[in-house]
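Asker: Sequence first, predicted coordinates after that:
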Amino acid sequence: MSIDGRWGRLRAAVALIAAGVAVGAQMPDLLRLRTARQAAVAALRDEARGREAAERAGQATRDTLVALGEATRARDSLSTHPYLVVSVADNRLWLRVGDSVLFEAPVATGRGSSYEDGAWRFATPHGRLRVERKEVEPLWVPPDWHYEEVAETRRLRLVRLRTGETIPLADGAELRVSGRDVVRRARDGREVPYPRGTEIVVGTRLIVPPFGTNQRLYPDVLGSNRLYLGDGYGIHGTNDPASIGQSVTHGCIRMRNEDMLVLFPLVPAGTPVYIY
Amino acid sequence: MSRTGRVLAVVALLAAAGGVAQERVRLTSEVQALGDARTREAVMRAATEEATARERVRLALARARAVPFDSAPPHLALALADGRLTLERGTVVLRTMPLVARGPAGVWTVSASDSTGIRIGDEPLDLPAADRVALALVLRPGHRVYVH
């Protein structure tokens, strides 16, 4: 055998060994990659299942939300019908449908104080009320506290006139109820009714007309319109626009007349009123 | 072994080494792609779960809103996307206030409420004085706050 032949075989053997080593060296890596691929496929499948479960849970939540929303809307008309909200702290009123504000205005609300040792409390009631009726050109029927306040302010003595009774006057005339009027009846029998909406003061006495008489009806005090809320409370206009924005009323909710004129046609009877 | 045989053996082994290397590259690329796909799934899953969590808050809020006014305690609803805080009782929206907040979304409770401020946990609500006073008249500790 020639030397060239031996070198050739040796080179071939070395090349075969090198190629074998190259293949063998890559095998563990290959196995590791195959294992990693299997793990990655499993992890991707798990992640996809998790996402699908999350999507199903989200869809179930959305379906419940929609169903609940429809049930609430069907049961509760507030999302489609107007309602009034009054904040006593802000002295402000809003007309809303759902969570949209259709109109808002400053108001005056109850002063929150008591009178005559708590016999009257001049606070705007909190909670839910409703518009019982709508009144145009409403007349104010002053409660007894009005006369008490006037008497105290003007240092007068309060005298309650009852139907069928007479109050003698200094000039021989007398004060009495005739029909629906409180009248001054002269000695000759002539009767002159007192005007509406003014206090009847005789000397140092303030006369309290009985309920039902025209003298117990005050025009203009409540402005052009009133939304009556029951139990003597209402939302109405005013003859004292400077008071708006303050806590000064005896419990009613007072608005500027121009605001009341806008609000009044927008609010049907039965509208809920939420006061807080 | 003949010279031709040796050459063929070397070529066969080299081809096998090349095939193994190619398979390695393919597997590496496939594992990488699977990892990327898993990452995308994880991102989508996290987004879906976050959206579902918000939907659950909205559902809880809807349930609070479904209670009739007279039996409903007042609650706050903070819509993060709108920057709007509402004081509500049942279906009734009593007050709407602008409020920029970052969350987190969830159902929380009022921890303190007076004219100096409203706190949710340790966090005070950054509100104007008029809103604080109005809310303090209505809210009490324990009332719910729905942040969504």
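Answerer: Done, it's in.

Asker: so who does residue 16 touch?
Answerer: All of this is about chain A. Contact partners of residue A:16, counting by CB atoms under 8 Å, 6 or more residues apart in numbering or on different chains, are B:6, B:9-10, B:13. No exception for glycine: its C-beta is placed from N, CA and C like everyone else's.

Asker: That was the other one, I meant chain B.
Answerer: Applying CB under 8 Å, 6+ apart, the residues contacting residue B:16 are A:19, A:23.

Asker: Look at it and tell me its secondary structure.
Answerer: Following DSSP: H, G, I helix; E, B strand; the rest coil, residue B:16 is assigned to helix.

Asker: Quick check: it vs residue A:13, distance?
Answerer: Distance of residue B:16 to residue A:13, given as CB to CB, to the nearest Å: 17 Å.

Asker: do the same with residue B:59
Answerer: 77 Å.

Asker: Looking at the two now, which is surrounded by more residues?
Answerer: Counted by other CB atoms under 10 Å in any protein chain shown, residue B:59 and residue A:13 do not tie: residue B:59 has more neighbours, with 20 against 14.

Asker: got a list of what that one touches?
Answerer: Here residue B:59 is in contact with A:61, A:64-65, A:68 (CB under 8 Å, 6+ apart).

Asker: now with 7 Å?
Answerer: A:61, A:64-65 (CB atoms under 7 Å, 6 or more residues apart in numbering or on different chains).

Asker: and it, what helix or strand is that in?
Answerer: Assigned by DSSP states H and E, residue B:59 falls within helix B:3-65.

Asker: pLDDT of the helix or strand that that helix is followed by, averaged?
Answerer: Following helix B:3-65 in sequence order, the next helix or strand is strand B:74-79 (DSSP H and E). When pLDDT is averaged over strand B:74-79, the result is 95.

Asker: Give me the pLDDT for the nearest residue to residue A:50 once chain neighbours are set aside.
Answerer: Once flanking residues are discounted, residue A:50 sits nearest to residue B:45: 5.2 Å by CB to CB, 6 or more residues apart in numbering or on different chains. Looking at residue B:45, its pLDDT is 92.

Asker: tell me the contacts of residue B:45?
Answerer: A:47, A:50-51, A:54.

Asker: Over to residue 98: give its phi and psi.
Answerer: Because you didn't say which chain, this covers chain A. Note on residue A:98: its backbone torsions stand at phi 60, psi -130 [degrees, to the nearest 10].

Asker: try chain B instead
Answerer: phi -70, psi 140.

Asker: what's the neighbour count on it?
Answerer: 11.

Asker: swap in the one 10 residues further on?
Answerer: Residue B:108 has 18 neighbouring residues, counting by other CB under 10 Å.

Asker: Chain neighbours aside, what residue packs nearest to it?
Answerer: residue B:145 (4.5 Å).

Asker: So that neighbour versus residue B:85, what's the distance?
Answerer: Remark: distance between residue B:145 and residue B:85 (CB to CB) = 9 Å.

Asker: And residue A:216, how close does it get to residue A:87?
Answerer: 33 Å.

Asker: coming back round to it: out of the contacts of residue A:16, which are close to chain A?
Answerer: Filtering the contacts of residue A:16 for proximity to chain A by CB under 7 Å from any CB of the partner chain leaves B:6, B:9-10, B:13.

Asker: Could I get those residues in JSON lines, plus columns for pLDDT and neighbour count?
Answerer: Listed next are those as JSON lines, based on pLDDT from 0 to 100; neighbours: other CB atoms under 10 Å in any protein chain shown:
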{"residue": "B:6", "pLDDT": "78", "neighbour count": "17"}
{"residue": "B:9", "pLDDT": "83", "neighbour count": "17"}
{"residue": "B:10", "pLDDT": "79", "neighbour count": "18"}
{"residue": "B:13", "pLDDT": "82", "neighbour count": "19"}
